[in-house]
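*Asks:* fold the following.
(2 chains)
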Amino acid sequence: MSSGEPLTSSEYIRHHLTNLTYGQHADGSWGFAHSAEDISEMGFMSINVDSMFFSVALGVLFLWLFRRVAKSATAGVPGGLQNFVEWVVEFIDDSVRGSFSGRNPLVAPLALTIFVWVTLMNTMDLVPIDYLPFIAGQLGIGHLKIVPSTDPNITFSMALSVFFLVLFYSIKMKGLGGFVGELTLHPFGKWGLPANLFLEGVNLLSKPVSLSLRLFGNMYAGEMIFILIALLPWYAQWTLSLPWAIFHILIVLLQAFIFMTLTIVYLDMAHHVEEH
Amino acid sequence: MNINLTLFGQTISFFLFVWFCMKFVWPPIMQALEERKGKIADGLAAADRGKHEQELAEKRAKELLVEAKREAAEIISNANKRATEIVEESKGDARTEGERIIVAARAEIDKERNLAREALREQVVALALAGAEKVLGKEINAAEHNDYLTKMSAQL
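*Replies:* You can find the predicted model right below:
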């Protein structure tokens, strides 16, 4: 909305769905993209500055908050913040104990980071959708998407990170042979090797895809509905945005929880050595 | 919606965050939680112990109370017994004292009566002598009739 002239509905929607992307223009100069076409021309060698900024800022907020509590954590009567943080940590710890049968000090902190970080990123969806883009527009920043989890880059990167951890621990716990055997010798035995590889391969590859697309799809759809509601006259928006925001609180937490739980489950499967 | 370098940027920050969380956030909080768990368990155990001790103390207090009541009752009954004894003793003392007084009074009365009788007897003898003298017209020798007079006065 940097231009200041009134936008049509489709322009408004497209504007809200465009990231602030930095990369190399078609003419060879570097700079921010001004439109969706610019972004697709930039291709892979570009970066969504807004997604990176908000995701890192929220991650730092999470770590700063929890680190502050961790430094001063005592066994005595906890204060308000400590109580809240402990509540979250115990919730994660219970989830990990419930779903993860192996022994790995990485899993619980990983689950905590995923849960809180994704929750924070999703919560950005509840900030009125025009506030920050408008302020940014006044500062001369053309596009701004403030919800990192509506950027597939963000969700895919987290899902791929989890996927690499799954691969790493699968090979570490079962050995390369064991892992390859798991992929090729089930469910039809060694004579059905191609079919096994196909089935197990799909099974394996579907994990990061479903993990990232589930979060992305939910948050993108939620954001989309907020944008559509924002097209209503200003005095009528609350009739829809309030119920949707209240419902969205559930989605925000539920998606973070699902992402975390599936991560734990996938890692548990990676640690689980099957007996033959 | 293009996939671009953001993917790597986010991956790097993700692993850094997880590493930081694993190193500096998770362990201290879990430690504090474990410590608190221990403290609470200790506290609960102490509370149980305290309760148990209180029960014992209450039982002991009850026993003491019963004992005290028993002793008090005993003391009261002893006192009552003693009081009755004292009353009985006093009654006995009073009775003996009364009897003693009565006996003394009786002795006094007897003594007085004897004295009076002696006096009367002598007067009667004298009166009788005087009468006899009048009747006989002569003096009676008191010495001559002394035996007779004594006999007579003894009969009075």
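*Asks:* could you point out the helix or strand that follows the helix or strand where residue A:196 lies?
*Replies:* Assigned by DSSP states H and E, residue A:196 belongs to helix A:193-229. Using DSSP H and E, the next helix or strand after helix A:193-229 towards the C-terminus is helix A:237-271.
*Asks:* quick one on the thing from earlier: distance from the chain centre to the helix holding residue A:196, please.
*Replies:* Relative to the centre of its chain, helix A:193-229 is centred 12 Å away, using CA atoms, centre = their mean, to the nearest Å.
*Asks:* now the angle from that helix to helix A:237-271?
*Replies:* 160 degrees (axes from the mean of the first three to the mean of the last three CA atoms, to 10 degrees).
*Asks:* elements contacting helix A:193-229?
*Replies:* In terms of contacts (3 or more CB pairs under 8 Å, 6 or more residues apart in numbering or on different chains; DSSP states H and E), helix A:193-229 is packed against helix A:9-16, helix A:152-184, helix A:237-271. (C-beta placed from N, C-alpha, C; glycine too.)
*Asks:* dump those helices to JSON lines, plus mean neighbour count.
*Replies:* Shown next, in JSON lines, are the helices and strands packed on helix A:193-229 (neighbours: other CB atoms under 10 Å in any protein chain shown):
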{"stretch": "helix A:9-16", "mean neighbour count": "15"}
{"stretch": "helix A:152-184", "mean neighbour count": "19"}
{"stretch": "helix A:237-271", "mean neighbour count": "17"}
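*Asks:* closest one to residue B:22 among those?
*Replies:* Residue B:22 lies closest to helix A:152-184 among these, at 12.3 Å (CB to CB).
*Asks:* break down chain B into its strands, ranges please.
*Replies:* In chain B, no segments count as strands under DSSP state E.
*Asks:* what parts of it come near chain A?
*Replies:* B:1-11, B:13-15, B:17-18, B:20-22, B:24-33, B:35-36, B:38-39 (CB under 8 Å from any CB of the partner chain).
*Asks:* just the ones of those residues in helices?
*Replies:* B:6-11, B:13-15, B:17-18, B:20, B:26-33, B:35-36, B:38-39 (DSSP state H).
*Asks:* and the helix holding residue A:196, what's buried?
*Replies:* A:196, A:200, A:204, A:207-208, A:211-216, A:218-220, A:222-223, A:225-227, A:229 (16 or more other CB atoms under 10 Å in any protein chain shown).
*Asks:* ok so, going back, now list the buried members of the residues of chain B next to chain A.
*Replies:* B:2, B:4-7, B:9-11, B:13-14, B:17-18, B:20-22, B:24-26, B:28-30, B:32-33, B:36.
*Asks:* let's have the helices and strands packed on helix A:193-229 in JSON lines, adding distance to chain B.
*Replies:* Shown next, in JSON lines, are the helices and strands packed on helix A:193-229 (distance: least, CB to the nearest CB, whole Å):
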{"stretch": "helix A:9-16", "distance to chain B": "11"}
{"stretch": "helix A:152-184", "distance to chain B": "4"}
{"stretch": "helix A:237-271", "distance to chain B": "11"}
